[in-house]
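*Asks:* sequence first, then the predicted structure, then my questions.
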Amino acid sequence: MQEGLWNGVRNSLAGAKVIRLDSRRGGEGSAGVSFPAIAQVEAYWEALRAGRAMPERAEIDPRGLEAALGHAFLAQPVAPGVIRFRLAGRQICDLMGMEVRGMPLSALIRPDARDALARVIAALEAGPGAALLDLDSDRGTGRPPLDARLFLAPLSEAGAPARRFLGCLEARGAIGRTPRRFTIASVSIRRTGASARASLPDLPAQADPRRAPADAPAIPGMADGAAVFRHATGARRGHLRLVRSSD
């Protein structure tokens with residue numbers, strides 16, 4: 001099953017390079033481009049993990065990511081292989097030209113690469129690890145090329161694994177006309193914890209990461225709770241009253 005999942009990622013990338021994270025660090029690109037925000041978020045996640053499979057969501061402190069906050073984000077799974085932004089830094093919003101909270105991460109990915117992203121997310125949900133993706137930007141009138149990199153790693157919550165994701169999307173260059181979207185040039189995953197050798201479920205071949213199923217569970221914290229309706233007790237006072245005048 002694990003090999004089948006990796007084959008699915010490779011097929012989805014349609015010839016892109018798939019390598020292991022063990023041989024590289026997140027802060028330096030293949031062309032020598034520096035990604036300092038990626039390096040900081042990756043190092044922060046590793047420090048919090050402290051030998052465990054993944055850190056807890058409650059351990060995340062924005063002060064530890066101060067220099068990278070404009071590129072960092074927190075996301076929550078809503079369906080297999082689909083995560084949505086709960087919090088996102090300013091550069092991520094600038095890349096889309098709008099507020100991205102509540103949008104899927106795949107909104108920043110071109111449609112032909114979204115299946116590959118979904119399989120990477122599913123792999124992190126099934127077996128803990130950290131993913132590093134090199135991205136190629138779309139190009140055209142008013143859209144200069146961007147060097148970009150995405151770091152993605154799971155967080156546990158109340159003991160349940162992969163209930164949140166810590167990520168960082170860093171793009172170098174002029175953003176130009178928005179929205180900007182990316183294809184996936186390469187994927188690296190490093191496994192963590194004892195579950196690294198566990199069997200991983202495959203993702204359905206036709207899964208669409210842009211849409212969550214109608215029966216997807218509600219997302220706590222993404223919306224205000226519904227107001228409780230209570231029946232009135234006792235006699236109700238009317239809205240109108242009769243006033244008599246002696247004139």
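*Replies:* Received it, and whenever you're ready, just let me know what you need. Numbering: from 1, shown residues only.
*Asks:* run a quick neighbour tally on residue 41.
*Replies:* 29 (other C-beta atoms under 10 Å). From N, CA and C alone the C-beta is placed, and that goes for glycine too.
*Asks:* look up how far residue 170 lies from it.
*Replies:* 9 Å (C-beta to C-beta, to the nearest Å).
*Asks:* ditto for residue 127
*Replies:* Per C-beta to C-beta, residue 127 is found 25 Å from residue 170.
*Asks:* which neighbours do residue 41 and residue 170 have in common?
*Replies:* residue 71 (C-beta atoms under 8 Å, 6 or more residues apart in numbering).
*Asks:* re the thing from before, between residue 127 and residue 170, which one's more packed in?
*Replies:* residue 170 (30 against 25).
*Asks:* how much space between the more buried one and residue 89?
*Replies:* To residue 89, residue 170 is 10 Å away according to C-beta to C-beta.
*Asks:* overlap of the contact sets of the two?
*Replies:* In contact with both residue 170 and residue 89: residue 71, using C-beta under 8 Å, 6+ apart.
*Asks:* just the helices in the chain please.
*Replies:* In the chain, the helices defined using DSSP state H lie at 2-13, 36-49, 90-96, 114-126.
*Asks:* ranking the ones you listed by mean pLDDT, which is last?
*Replies:* When the helices of the chain are compared by mean pLDDT, helix 2-13 comes last with a mean of 48.
*Asks:* so what's the nearest residue to residue 146 once chain neighbours are set aside bridging to?
*Replies:* The spatial neighbour of residue 146 that comes closest, neighbours along the chain excluded (C-beta to C-beta, 6 or more residues apart in numbering), is residue 137 at 3.8 Å. Beta bridges link residue 137 to residue 182, judged by DSSP bridges.
*Asks:* and the longest strand for this structure?
*Replies:* strand 160-172 (DSSP state E).
*Asks:* what is that one packed up against?
*Replies:* Counting by 3 or more C-beta pairs under 8 Å, 6 or more residues apart in numbering; DSSP states H and E, the packing neighbours recorded for strand 160-172 are helix 36-49, strand 72-79, helix 90-96, helix 114-126, strand 147-157.
*Asks:* which strands and helices sit next to the fourth one?
*Replies:* Contact here means 3+ C-beta pairs under 8 Å, 6+ apart; on that basis helix 114-126 packs against helix 2-13, strand 82-88, strand 129-137, strand 147-157, strand 160-172, strand 182-191.
*Asks:* ok, and the helix or strand in this structure with the lowest average confidence?
*Replies:* One helix or strand of the chain scores below all others by mean pLDDT, DSSP states H and E: strand 17-19, with a mean of 39.
*Asks:* next, the contact list for residue 174, please.
*Replies:* For residue 174, the contact set (C-beta under 8 Å, 6+ apart) comprises 144, 146.
*Asks:* and the gap between it and residue 95?
*Replies:* Note on residue 174: its distance to residue 95, by C-beta to C-beta, is 12 Å.
*Asks:* overlap in contacts of those two?
*Replies:* Joint contacts of residue 174 and residue 95 (C-beta under 8 Å, 6+ apart) do not exist.
*Asks:* so residue 144 sits against residue 173, correct?
*Replies:* Yes. Between residue 144 and residue 173 a contact is recorded at 6.1 Å, counting by C-beta atoms under 8 Å.
*Asks:* pairing partners for the residue nearest to residue 163 when sequence neighbours are not counted in the sheet, please.
*Replies:* Leaving aside its sequence neighbours, residue 163 sits nearest to residue 157 (C-beta to C-beta, 6+ apart; 3.8 Å). Here residue 157 sits in beta bridges with residue 160, going by DSSP bridges.
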